[in-house]
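>>> Pasting the sequence and the predicted model now:
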Amino acid sequence: MSLDLGAMVPPTTDSAPEVDRNASETQSKEFWDRLTAIFCDVLFSYANEEAANSVVEESLKLCEGSNELLAKAVQTKFFAKQTPFFMIITNRRDTSTELSSKPRSLVPPLLTKLFEICGDLQEDTQKDILQALLAKPDSVDLYRHVKHKLPLFDLVVPPSFFCGRDEELEAPTLTTSSSAPDVFIATFMIPRFYDKMLVDKLVAFQFMAIGSLWTLKALPVEDEGDEPDSTTLRWCFELSETYTKHNYQKHPPGALVRTALVALRTDTGLLHSQKFQANCGPVPLTMQLRLSGAMSQFHSNTLVSGKNRVLSGTITVSDALAPPPAPPTLFNKGWPFSGKPKLTG
């Protein structure tokens with residue numbers, strides 16, 4: 001069977017008879033049918049290393065040994081109108097509920113094999129993989145391991161000036177947890193925070209939570225000073241939702257409200273807490289979280305003293321429907337003993 005890269009079009013669902021198709025389309029349909037059959041077992045169930053190797057071997061035979069042809073094929077939505085990448089991720093089972101005693105790798109072996117074959121992924125394939133990751137609540141760890149394959153969505157942060165200059169300096173960390181579909185907690189720890197605000201002028205994290213891709217940035221901002229026509233330097237957080245599986249447009253404007261509760265902590269307990277709110281809407285959506293008082297200053301602040309000058313704490317994010325407007329109240333002096341109530345609003 002002779003195959004051509006130019007003839008690699010996804011199968012159609014129309015019912016036109018085979019005799020109405022030209023030769024290349026007939027070959028293409030046969031190709032997609034055979035490729036679909038090869039992938040059925042491994043996309044509907046977990047594929048271990050041996051099964052992944054077998055599928056790649058059979059697929060390469062179908063593609064007459066052409067890695068280029070196979071790379072193009074697997075980035076096409078030929079399998080139930082999805083790519084194999086999407087199916088591998090969304091059909092991945094939670095290993096904690098598996099009856100099998102055999103350990104499973106965090107990154108499915110077939111996914112690793114397809115990455116090796118494809119090299120740099122097409123933009124549509126990257127979007128497909130991200131959509132699959134967002135569709136599965138347990139994909140946070142998998143996302144961390146495959147994000148390098150998604151440069152279209154990967155946040156690139158310049159290396160810190162302090163990187164490598166102080167061997168004892170720990171790297172900033174951020175972890176997330178979630179107890180409900182519309183709530184997550186981001187826990188952060190940033191050593192030499194105030195130093196980095198003045199020198200690097202940016203500390204940034206990218207993470208996945210509650211079906212969306214987020215970035216959290218800390219950066220210096222100018223604010224009005226105490227004296228007329230003067231400015232002072234502070235810092236603030238910026239929380240951005242950059243990509244999501246949610247359709248916020250199904251809600252009327254202002255109907256869905258996002259709350260971000262920032263809590264700064266030290267070893268001795270809570271230091272500062274402040275709540276921010278904004279309406280949810282189409283992404284990208286950014287909330288600027290400017291803390292009041294001394295915590296956002298570079299002076300008169302207990303956190304700027306000491307060797308490490310660590311900023312640590314949590315940001316709890318929750319989405320909820322805004323409460324409906326209060327109904328008009330009933331009022332009439334003497335009611336219910338005389339007359340009928342009157343509406344006031």
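The structure has been received and is ready for your questions. Residues are numbered from 1 along each chain as shown.
>>> all strands of the stretch 1-150 of the chain, in order?
Per DSSP state E, counting those that start in this stretch, the stretch 1-150 of the chain has no strands. Nothing in it meets that criterion.
>>> Quickly list the domain ranges of this structure.
Here the domain parsing of the chain from automatic domain parsing is 5-149, 173-321.
>>> Which of those sits closest to Pro159?
domain 173-321 (8.9 Å; Cβ to Cβ). Yep, even glycine has a C-beta here, placed from its N, CA and C like the rest.
>>> How about stretch 51-61, which residues are buried there?
Ala52, Val55, Val56, Ser59 (16 or more other Cβ atoms under 10 Å).
>>> my guess is the last one meets Ala71, correct?
No. In this structure, Ser59 is not within contact of Ala71 by Cβ atoms under 8 Å, at 10.4 Å.
>>> where's Gln288, which helix or strand?
strand 285-289 (DSSP states H and E).
>>> contacting residues around Ala73?
The contact partners of Ala73, by Cβ atoms under 8 Å, 6 or more residues apart in numbering, come to Met8, Phe31, Leu35, Ser59, Cys63.
>>> what separates the closest residue to the last one other than its chain neighbours from Thr173, distance-wise?
Nearest-residue entry for Cys63: Leu69, 4.1 Å, with adjacent residues in sequence omitted and distances by Cβ to Cβ, 6 or more residues apart in numbering. The gap separating Leu69 from Thr173 is 43 Å, by Cβ to Cβ, to the nearest Å.
>>> which parts of stretch 180-190 are buried?
Val183, Phe184, Ile185, Ala186, Thr187, Phe188, Met189, Ile190.
>>> what's the answer for stretch 61-75, then?
Buried residues in stretch 61-75 (16+ other Cβ under 10 Å): Leu62, Cys63, Leu69, Leu70, Ala71, Ala73, Val74, Gln75.
>>> From Glu30, how far off is the first one?
In other words, Leu62. In terms of Cβ to Cβ, Leu62 sits 10 Å off from Glu30.
>>> picking up where we left off before, and the domains of the chain, which one averages the lowest pLDDT?
In terms of average pLDDT, domain 5-149 trails the rest of those, at a mean of 81.
>>> what residue is smack in the middle of this protein?
Leu213 (2.2 Å; Cα atoms, centre = their mean).
>>> For it, which non-adjacent residue is spatially closest?
Tyr243 (4.2 Å).
>>> what's the neighbour count on the one you found?
Tyr243 sits with 17 neighbouring residues when counted by other Cβ atoms under 10 Å.
>>> Surely it touches Phe153?
Yes. Contact criterion Cβ under 8 Å: Tyr243 and Phe153 qualify, at 6.3 Å.
>>> Next, show the common contact partners of those two.
With the criterion set as Cβ under 8 Å, 6+ apart, the overlap between the contacts of Tyr243 and Phe153 is Leu130, Leu213.
>>> Contact partners for the residue nearest to Leu213?
Contacts of Tyr243 (Cβ under 8 Å, 6+ apart): Leu130, Leu134, Phe153, Ser212, Leu213, Val283, Pro284.
>>> Most neighbours of all these, which one?
Leu213 leads the contacts of Tyr243 on contacts (other Cβ under 10 Å) with 25 neighbours.
>>> does that residue sit in a helix, a strand or a coil?
In terms of secondary structure, Leu213 is strand; the call rests on DSSP: H, G, I helix; E, B strand; the rest coil.
>>> Mind listing the residues bridging to it?
Met208, Tyr243 (DSSP bridges).
>>> Next, count neighbours for His148.
9.
>>> Present the domains of the chain as JSON lines; the columns should include distance to Pro159.
Shown next, in JSON lines, are the domains of the chain (distance: least, Cβ to Cβ, whole Å):
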{"stretch": "domain 5-149", "distance to Pro159": "16"}
{"stretch": "domain 173-321", "distance to Pro159": "9"}
